[in-house]
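please work out how this folds:
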Amino acid sequence: MNILQQTVTLELQAHSSEVRRATAWLHAEGQARAVPEDVLARLDICLHEALANVLDHGGLSAAACVTLLLRVQENHAMLTLCDGGLPFDPTQAAQAPRASMLDQTQPGGLGLVMLRANAGQLDYRHAGGCNHLTVTVGWSAA
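Predicted coordinates for the structure are as follows:
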């Protein structure tokens with residue numbers, strides 16, 4: 001099987017200390033599969049935002065596992081995050097209204113905005129007791 005068609009995986013503990021390892025893995029595997037740097041940057045933003053949401057809102061203990069899968073086909077990369085946290089579909093979630101005045105601004109609340117702005121496509125399913133969020137980012141063929 002061609003390296004570009006292989007799915008590579010990484011298992012992480014559901015802890016913020018694992019984010020750096022996830023980023024390093026994404027960049028190393030993406031570069032090995034000739035994913036353009038700008039695409040890796042977009043995937044990395046999505047990875048950070050999705051992991052932050054899982055860690056902050058998923059109800060997982062630090063002993064829980066999060067699995068990442070990366071697959072590259074032709075001119076697009078698909079990153080899937082699988083976790084056993086509370087079901088949450090970011091493709092259907094309403095975006096929080098933006099504050100009209102600076103003094104009304106609250107920290108946070110931009111995770112979905114960042115995810116949607118950087119993903120070419122978002123797909124979600126809940127199966128086998130797990131959330132499966134797939135972020136797809138494409139690029140122009142050279």
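
how many other residues sit next to residue 86?
Burial of residue 86, expressed as a neighbour count using other C-beta atoms under 10 Å, amounts to 12. Quick note: C-beta positions are derived from backbone N, CA and C, even for glycine.

and residue 141, by the same measure?
There are 6 residues near residue 141, going by other C-beta under 10 Å.

give me the element it is part of.
Secondary structure assigned from DSSP states H and E places residue 141 in neither a helix nor a strand.

so which bits of the helix or strand of the chain with the lowest mean pLDDT are buried?
Counting by mean pLDDT, DSSP states H and E, the chain has its least confident helix or strand at helix 111-118, which shows a mean of 87. Within helix 111-118, the residues scored as buried using 16 or more other C-beta atoms under 10 Å are 111-112, 114-115, 118.

which residues are contacting the helix or strand following it?
Past helix 111-118, heading to the C-terminal end, the next element that is a helix or strand (DSSP H and E) is strand 121-127. Outside strand 121-127, the residues within contact range by C-beta atoms under 8 Å, 6 or more residues apart in numbering are 87, 89-92, 115-116, 131-136.

helix or strand right after the longest helix along the chain?
Using DSSP state H to define each element, the chain has its longest helix at helix 37-57. Once the chain leaves helix 37-57, the next helix or strand it forms, by DSSP H and E, is strand 65-73.
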